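>>> Here is my input; please provide its structure:
(chains A and B)
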Amino acid sequence: MRERADQGVSRAAGRGAGSAAVAPAVRMSGVCKFFGPVQANSEASLEVQAGEIHAVVGENGAGKSTLLRVLAGLYAPDGGTVEVFGRDVTGWSTSDAIAAGVGMVHQHFMLVPTLTVAENVVLGREPMSGLTYDRATAESRLETLSRESGLACVPSRLVSELSVGEAQRVEILKTLYRGATLLILDEPAAVLSPPEVDELWRVLRTVRDAGATIVLVTHKLDELMEVTDRITVMRHGKTVMRLRTSETTPAAIATAMVGRAVRLDANGMPVGADAAALGLAASTDEDAGAADDHGAELDGASVSEAWTAILDAGAPPDEMIVSSARNRITRSAPAAIISAPTPTYADVPRLRITALTVPGPRSPRAVGALSLSIAPGEILGLAGVEGNGQTELIEAIAGLRATTSGTITVDGTDVTRYSIGKRLALGITHIPEDRQTRGLVLDYSIADNLILGRQTHFSRSGRIDRARTLAFAEDRIKAFDIRPADPNALARSLSGGNQQKIVVAREMPADFRVLLAAQPTRGVDVGAIEFIHDQLRAARCAGKAILLVSAELHEILALSDRVAVMYRGRIVTILPRAAASEDVLGPFMTGAAS
Amino acid sequence: MKLTLLLMLQTLRIAIPYLFAASGGVLAERAGIVSLTLEGFMLAGAFCATLGSFYFGNPWAGVLMGLLGGCLFGALHAVATIRFKADQIVSAVAINLMVVGLTRFFLRLAFDSSSNSPRVAGFGRDGNAGALATFENPLIWLGVIVMPALAWVITRTRFGLRVRAVGEKPEAAATLGVSVSRIRYRAVIASGALAALGGCYLALDQHQFTDQMTAGRGFIALAAVIVGRWMPIRAGIACLLFAFAEAMQIQVQGAGVLPSQFVSMIPYVLTLVALAGLVGRAVPPAALGRVEG
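Numbers count the residues shown, from 1 in each chain, chains lettered A, B, ... in the order given. Sure, this is the predicted structure:
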């Protein structure tokens, strides 16, 4: 690994020497940054050539955002130097940075929702006519900018009416309006739906082709392969590798990020260790592909013979089925046929939703007469552009949102009128989409967060049993590898990935029946994604029913047994995993197909 | 006919202090600072105006002094909540109580009285000079245009644009190099001056200061701000509505059909009903009352 890293750096350095006349757009070296006792960056470096799209990748807490904030002037470094276009700018302020043409697009948008697009763009540099703010000039300037940069926008619209993708375009326009030639984007793709992500990459390419330099933080390894020119990998606050995108692979990047091998599927999603070990990774791309490849070797007769053998044997040990089936067919028989916990749709569904209508904040029918069912041992992936009723559906099932009609049953019990607590007691658990507002009390310790909602099990006559809580927390921390492994650490002090692990650990006790997993891996690093996916797969094997909502189509495709697409509060299609792909689902997600 | 005209004139006359105070409230709240202080600003304005008019013998000197007093307490609230990040409600309550105490103290000191000042030079004829005398008070005209003027400032000027930005999403304004504190200081101090003008009007209209003469008008003005959804023109209409209720109350009081105590409640009950019912779900400025980092 070390060798590779050195190679990468020296190769890049070699190329740099070739064009030594031009100063790099960014050269940061030996950057150190402390937050109290925590060292976010130690001797981190970053070199970005003018006119390239450069990705900074690394696990959560690797110090990527800190490094870029130092570059943008939000933080002053405690050590090291920062050069921008050959000028030493160490410790500059945001307004210096803006004046020098460095613009930052923050992960959480810095837009005023009640102002118009044009007002947001010109804020702080408003064109004036006499005493008043010159709205007409602001809007016409923005229109020109929009035309030149290829970033479409309507200047007079209110920002609160924009979609996330449109809002992000406004953020980029804001930096361009201030003459930015170096754009810094902190996880720009994390909040976008797949079509919006494609649009973002298109926009960034346009902006780069117009002469700008772009530095971005991202977690989407497969996508950065397409758009970036170079990649800097960070780990534990240090820069470990810099390479040309064309000369590397997602697997190599992931390995450098976590410092050990991570298995990735064709889409760059990590594949769970447990799933593979149990031979149950039936629906991952690899296995689906394998099944197709070998399909020719199996004729219909031998497959049905295998089934007959399984059925005739009554309830033999799994091993026997496997061996007998393997003897009869070929060694590479589809794992899906052999592994027992593949859902059998004849079973009574664990979760059944019938004609459910849920009002939302903007529409009385955010979910409109929706029906679906999930079998024991099944993951149903719910795809769709955000804001099509997924949140309302999940909240209705969890009991957080009132329904207007329809029923929700779990193992035949009608829970439509159950309180949240009663649903929880029955085994409906919920990984909420926003861990910081719904999943955790940030100022509680890890231990207290782990028993939230279950605190009655840990208390005796109104007092919480500290010893039992701590013992339980230590057990969970170990099982879920939550870091730091200190039950008394505040949730706020943890990285996003570890915060999410607390939520997952709490919501996946041994005895739950239905899990509502909303964006279970949003904004967490590759290592944690891998871990959480393993947990979901293991739960599937244990016969749980899982409703998975994710903005990541890859995640849905990597985990689901069936994929449903939600559009405007309805399910427009449900496909078995084998029939679902991004190309097939895309038109359903945008409403183009139904 | 004559009664209707009288009612309208009375409504306007009562509405003026509300209009001034509510305009200050809209401005400060749009910038993100809670305006529970309006009552205190008004009372301070009324007292300072009386003092100025008494010593200089000129009501305009009173207005100037009143404005200064409003600015002073506005600045105090601004320093406490912006510089020292005090809780805005606690600071407002403290200022309101402090102004009550201070005006009493200086009332005793300056005029040797615990209840009221002597007659001072004011606007309009002293004493009960009939309805039309109302218009001899130049502050009436200022009060009539204050809300449209504020609407223009908020929607059309750079300052207004920035006020709206810092009240909704201060961090966005800050990342663009707009000083959130500076905008808020200006808004809160200006709100003190505007609310104080309401107090000046009261004192100079009555040609004297009486202890706690604002009698909760600052709070009614704040209610008007909320009923008006933080928009100047709508808040102005709410002020007129509340003033109309008060004018009605005076008429009904005269008729003597209901016990006077109940009749006196009419404006306040109307305020409650308006807040609970008319407003529905009013969305305040997102950063209102939030203590920054």
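>>> Kindly report the residues of chain A close to chain B.
Applying Cβ under 8 Å from any Cβ of the partner chain, one finds that chain A approaches chain B through A:94-95, A:98, A:104, A:106, A:109-115, A:119-120, A:123-126, A:128, A:131-133, A:174. For glycine as for every other residue, the C-beta is placed from the backbone atoms N, C-alpha and C.
>>> Of these, which belong to strands?
Among the residues of chain A next to chain B, the members found in strands (DSSP state E) are A:Met104, A:Met128, A:Thr132, A:Tyr133.
>>> Show which residue of chain A lies farthest from the average position.
Going by Cα atoms, centre = their mean, the residue of chain A most distant from its centre is A:Gly130, 48.2 Å out.
>>> which residues sit in contact with that residue?
The contact partners of A:Gly130, taken as Cβ atoms under 8 Å, 6 or more residues apart in numbering or on different chains, number zero.
>>> Can you pull out the low-pLDDT segments for the chain?
By default, I'm working from chain A. In the predicted model of chain A, residues A:1-21, A:60, A:191, A:193-194, A:261-347, A:362 satisfy pLDDT under 70.
>>> you looked at the wrong chain, it should be chain B
B:1, B:125-134, B:277-282, B:292-293.
>>> need the strands for the stretch 101-250 of chain A, in chain order.
For the stretch 101-250 of chain A, the strands defined by DSSP state E, counting those that start in this stretch cover A:102-105, A:128-129, A:132-133, A:182-186, A:213-217, A:230-235, A:238-244.
>>> With distance to A:Glu139 and mean neighbour count as added columns, please give the ones you listed in a markdown table.
Formatted as a markdown table, those follow (distance: least, Cβ to Cβ, whole Å; neighbours: other Cβ atoms under 10 Å in any protein chain shown):
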| stretch | distance to A:Glu139 | mean neighbour count |
| --- | --- | --- |
| strand A:102-105 | 21 | 25 |
| strand A:128-129 | 13 | 11 |
| strand A:132-133 | 11 | 18 |
| strand A:182-186 | 23 | 24 |
| strand A:213-217 | 27 | 25 |
| strand A:230-235 | 37 | 24 |
| strand A:238-244 | 42 | 21 |
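>>> Among those, which comes closest to A:Asp534?
strand A:230-235 (21.5 Å; Cβ to Cβ).
>>> and the closest one, which strands flank it?
strand A:53-58 (parallel), strand A:238-244 (antiparallel) (DSSP bridges).
>>> and the next element down the chain from the last one?
Toward the C-terminal end, the helix or strand that comes next after strand A:238-244 (DSSP states H and E) is helix A:250-258.
>>> Kindly report the same for the first one.
Scanning forward in sequence from strand A:53-58, with DSSP H and E defining helices and strands, the next element found is helix A:64-72.
>>> Please convert the strands paired with strand A:230-235 to JSON lines, extending it with distance to A:Met257.
Rendered in JSON lines, the data for those read as follows (distance: least, Cβ to Cβ, whole Å):
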{"stretch": "strand A:53-58", "distance to A:Met257": "5"}
{"stretch": "strand A:238-244", "distance to A:Met257": "8"}
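>>> Out of these, which is closest to B:Gly62?
Across those, closest to B:Gly62 is strand A:53-58 (Cβ to Cβ), at 63.9 Å.
>>> Alpha carbons only: can I get the closest one in PDB?
Provided in PDB are the C-alpha atoms of strand A:53-58 (Å, rounded to 0.1, in the frame of the first residue of the first chain):
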ATOM      1  CA  ILE A  53     -11.700  18.600 -11.000                       C
ATOM      2  CA  HIS A  54     -10.000  17.300  -7.900                       C
ATOM      3  CA  ALA A  55     -11.700  15.000  -5.400                       C
ATOM      4  CA  VAL A  56     -10.700  14.700  -1.700                       C
ATOM      5  CA  VAL A  57     -11.900  11.400  -0.300                       C
ATOM      6  CA  GLY A  58     -11.600   9.700   3.000                       C
END
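>>> Setting aside sequence neighbours, what's the nearest residue to A:Glu528?
If you look again at residue A:528, you'll see it is Ala, not Glu. Sequence neighbours aside, A:Gly497 is the residue nearest to A:Ala528 in space, at 3.3 Å (criterion: Cβ to Cβ, 6 or more residues apart in numbering or on different chains).
>>> looking just at contacts, which helices and strands does the helix or strand in which the one you found is found meet?
Counting by DSSP H and E, the element that carries A:Gly497 is helix A:496-507. The contact analysis (3 or more Cβ pairs under 8 Å, 6 or more residues apart in numbering or on different chains; DSSP states H and E) places helix A:496-507 against strand A:428-431, helix A:446-450, helix A:466-480, helix A:526-541.
>>> mind checking which of the ones you listed is nearest B:Arg156?
strand A:428-431 (47.7 Å).
>>> by contact count, what packs against that closest one?
helix A:390-398, helix A:496-507, strand A:514-518.
>>> neighbouring strands for it, and are they parallel or not?
strand A:514-518 (parallel).
>>> What sits closest to A:Gly124 if chain neighbours are left out?
Nearest to A:Gly124 is B:Leu176, by Cβ to Cβ, 6+ apart, at 3.7 Å.
>>> oh sorry, the question was meant for B:Gly218
B:Glu39 (2.9 Å).
>>> could I get stretch A:33-40 in PDB with only the CA atoms?
Written as PDB, here are the backbone C-alpha positions of stretch A:33-40 (Å, rounded to 0.1, in the frame of the first residue of the first chain):
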ATOM      1  CA  LYS A  33      -5.500  22.000  12.700                       C
ATOM      2  CA  PHE A  34      -6.600  21.300  16.200                       C
ATOM      3  CA  PHE A  35     -10.000  21.500  17.800                       C
ATOM      4  CA  GLY A  36      -9.200  21.400  21.400                       C
ATOM      5  CA  PRO A  37      -7.400  18.200  22.000                       C
ATOM      6  CA  VAL A  38      -8.600  16.700  18.700                       C
ATOM      7  CA  GLN A  39      -6.300  17.000  15.800                       C
ATOM      8  CA  ALA A  40      -8.400  17.200  12.600                       C
END
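>>> which outside residues touch that stretch?
With Cβ under 8 Å, 6+ apart as the criterion, stretch A:33-40 contacts A:Cys32, A:Asn41, A:Gly63, A:Thr66, A:Leu67, A:Val70, A:Tyr75, A:Pro77, A:Asp78, A:Gly237.
>>> now swap in stretch B:84-102 and tell me
Looking at what lies outside stretch B:84-102 - Cβ under 8 Å, 6+ apart - the contacts are B:33-37, B:39-41, B:43-44, B:73, B:76-77, B:80-81, B:212, B:218, B:289, B:291-292.
>>> are any of those buried, and which?
Buried subset of the contacts of stretch B:84-102 (neighbour count, 16 or more other Cβ atoms under 10 Å in any protein chain shown): B:33-37, B:39-41, B:43-44, B:73, B:76-77, B:80-81, B:218.
>>> Is the residue in the stretch 301-450 of chain A that chain B sits nearest to in a helix, a strand, or coil?
Nearest to chain B in the stretch 301-450 of chain A, going by Cβ to the nearest Cβ, is A:Pro361, at a distance of 10.5 Å. Per DSSP: H, G, I helix; E, B strand; the rest coil, the local secondary structure of A:Pro361 is coil.
>>> Tell me how far the residue lying closest to B:Leu38 once chain neighbours are set aside lies from chain A.
Once flanking residues are discounted, B:Leu38 sits nearest to B:Gly218: 3.5 Å by Cβ to Cβ, 6+ apart. Distance of B:Gly218 to chain A, computed by Cβ to the nearest Cβ, to the nearest Å: 26 Å.
>>> Same question for B:Ile250.
In terms of Cβ to the nearest Cβ, B:Ile250 sits 39 Å off from chain A.
>>> which element follows the helix or strand containing that residue toward the C-terminus?
Using DSSP H and E, B:Ile250 maps to helix B:232-255. Next in sequence after helix B:232-255, counting helices and strands by DSSP H and E, comes helix B:260-273.
>>> Contacts for that following helix next, please.
B:Gly216, B:Ile220, B:Ala223, B:Leu241, B:Phe242, B:Ala245, B:Glu246, B:Met248, B:Gln249, B:Val252, B:Gln253.
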